[in-house]
Structure formats: C-alpha cells, structure tokens
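Q: Next one to model:
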Amino acid sequence: MKTITSKQNEKIKYLKKQKEHNRFLLFLDNPKLVGEAINSGLKPIDIFVDETNKNLIETYKNFDITLTTNLIVNQLSDVKTPQGIVAVFELAPKSLKSPRGNFLVLDNIQDAGNVGTILRSALGANFLDVFLLDCASVTSSKTIRSSMGAIFKLNVYETTKQEFLTFSKTLKTAIYFADMQGENVFETNFENPCGIVLGNEGNGVSEELKNICQKAISIPMQNGLESLNVAIAGSVAIFEVGWKQSTNLKKSK
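A: Next up, the predicted model:
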C-alpha cells in the first residue's frame, strides 16, 4: 500500500489538473457511489483513503489503495465534508447505439443538477438510454450526486446535436418533445417504445430537434403557473409514458 502525505506530491498535483480539465474522469467521494461504479464494471484508476478512515481499506483491498491525509482527500473532493475516500475512474465515451426501449434526449440542458435528477428518474421509469446533446457533463460531481448512481446503470451517450440528428435517421421509433403548447401528456397514447426530448432550461427544445419529432406533449398547469423545472416536468412525463405503455400492454393480453 502506497502512502502520500504531501499536497505537493506530483501525482496529487497532476490529478488536481486532470480533475479540472479531463471530462472523462470521475472523482467519486462517496463510498456508495464508489461501490455502484465498481459493481457496474468500472475499475478504479486510483483510490485514496484518508488515514483516519482505515476501516475503508478492507472494502477495497482488491484494488490499489493510497493512504493519504484528510487535507488531500478534501482537495480531490468537491464536497465540504468528504467521507474519507476519493476514487478516480475513467468513463470513456460510448459510440451511439440504437436504444433498447424507451429513451430520453436532453437538448442543451446546462444545469448539472437537472441532468443528474433526470438520469435518476430515467432509471426509475425504465428509460435506459439517454442521449445528452451539448449538456452539462455526465462526469460533473453535481451530475453524479444528483443521479444517485443512476449513471452507472444507464446507457448515457454524450454527443452533439448535429451528430444526434444524423443518428436519428436510423431510429424507427416515435419521438415526442416537451413543450408548453403541446398535447396533454395525460391524454396522449404512446407507441412502445418511444423517445422523449427535453429542452434547455430557458429556451426549450431547439427547432432542429422539433423537426424530427411526431408531436409535442405538455403537462397541464393550474393556478396560473406557466411551467415546471425541466427535471420535474421530464420526470412526470416519462413516468406517465411508462404507465400508459404498461396499461396498454396489460389490456392487449
């Protein structure tokens, strides 16, 4: 087992730079998330354990562990009170593949918390393929925490709008987009499977993506409210889609 106690250590300085500039690296500072990542098949590049939390060593004894200080763990973590560990993983980008069932398309959603929350809902609603078009990075610590580890159980594709538009020509499923002027989602029948597009927090879904969709869907508002946060609206929509599809399936049997 290696030991690093100086914040001037070259490896620590290198990782701090990578943390800032390398969007393919995950720095996980929560034992539960570290476990989720490992269980999903990711192998940690480095695991740093605070010397005051040696009880964690047994859990990760099959991997290379560096014993270090609380100060260094704090420097590699984004939270004020880390839980004694920082594990570094590489999350390589995935080549675009046709979705296995219902899927989500996030169009330029910039808030990492929104992206993570939507990923968490996607897992719960069985939308197992999510395409992020010029969105907040999936490796952002805020995205990861908000997703509660869902990113490790989904097929998440980070790509550009233009790349997805080209890829969409190969898709044979219906695609709908969320819009305040759309058809009531609670009164809409959905093909199984289908895709749902959620747009940017301020501008909504771009015209280019609207043009590849069959129709717009909306969540009816009461008491003069114009709209919902995109993560909340998206969550409501995809759970409604999943419920409608499961109900139709039961009726057909």
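
Q: Run the chain-centre distance for the longest strand that the chain contains.
A: For the chain, the strand reaching the highest residue count under DSSP state E is reported as strand 174-184. Taking the mean C-alpha point of strand 174-184 and that of its whole chain, the gap between them comes to 22 Å (C-alpha atoms, centre = their mean, to the nearest Å).

Q: Just after that strand, pick out the following helix or strand.
A: Sequence-wise, the next helix or strand downstream of strand 174-184 (DSSP states H and E) is strand 194-198.

Q: pLDDT weak spots in the stretch 151-253 of the chain?
A: The model of the stretch 151-253 of the chain has pLDDT under 70 over residues 249, 252-253.

Q: All the strands of it, in order from the start?
A: Secondary structure of the stretch 151-253 of the chain (DSSP state E, counting those that start in this stretch): strands located at 155-159, 174-184, 194-198, 215-218.

Q: Mind listing the strands the longest strand of the chain pairs with, and their directions?
A: Each strand that strand 174-184 pairs with, and the sense of that pairing, follows from DSSP bridges: strand 194-198 (parallel), strand 215-218 (parallel).

Q: Give me the buried positions along it.
A: Neighbour-count burial for strand 174-184, with 16 or more other C-beta atoms under 10 Å as criterion, is recorded at 175, 176, 177, 178, 179, 182. Any C-beta I mention is one placed from the backbone N, CA and C, and that applies to glycine too.

Q: can you put these in JSON lines and add distance to residue 159?
A: Rendered in JSON lines, the data for those read as follows (distance: C-beta to C-beta, whole Å):
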{"residue": "175", "distance to residue 159": "15"}
{"residue": "176", "distance to residue 159": "20"}
{"residue": "177", "distance to residue 159": "17"}
{"residue": "178", "distance to residue 159": "20"}
{"residue": "179", "distance to residue 159": "22"}
{"residue": "182", "distance to residue 159": "25"}
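
Q: Return the member of the residues you listed nearest to residue 134.
A: residue 177 (16.0 Å; C-beta to C-beta).

Q: which non-adjacent residue is nearest the closest one?
A: Sequence neighbours aside, residue 197 is the residue nearest to residue 177 in space, at 4.0 Å (criterion: C-beta to C-beta, 6 or more residues apart in numbering).

Q: Give the burial count for the one you found, as a bare number.
A: Residue 197 has 27 neighbours, counted by other C-beta atoms under 10 Å.

Q: List the residues that contact it.
A: 104, 105, 106, 107, 175, 176, 177, 178, 205, 209, 210, 213 (C-beta atoms under 8 Å, 6 or more residues apart in numbering).

Q: All the strands of the stretch 1-150 of the chain, in order from the start?
A: Counting by DSSP E, counting those that start in this stretch, the strands of the stretch 1-150 of the chain are 2-3, 25-28, 46-50, 65-68, 85-90, 103-107, 129-133.

Q: which outside residues touch the longest one?
A: Read that as strand 85-90. In this structure, residues lying in contact with strand 85-90 by C-beta under 8 Å, 6+ apart are 15, 24-31, 34, 37, 42-50, 53, 56, 60, 73, 76-77.

Q: Give me the buried entries from those.
A: 15, 25-31, 34, 37, 42, 44, 46-50, 53, 56, 60, 73, 76-77.

Q: And stretch 139-159, end to end?
A: With C-alpha to C-alpha, to the nearest Å as the measure, the first residue of stretch 139-159 is 14 Å from its last.

Q: likewise stretch 224-235?
A: Using C-alpha to C-alpha, the span of stretch 224-235 from its first residue to its last is 21 Å.

Q: What residues sit buried inside that stretch?
A: Using 16+ other C-beta under 10 Å, the residues of stretch 224-235 that count as buried are 228, 230, 231, 233, 234, 235.
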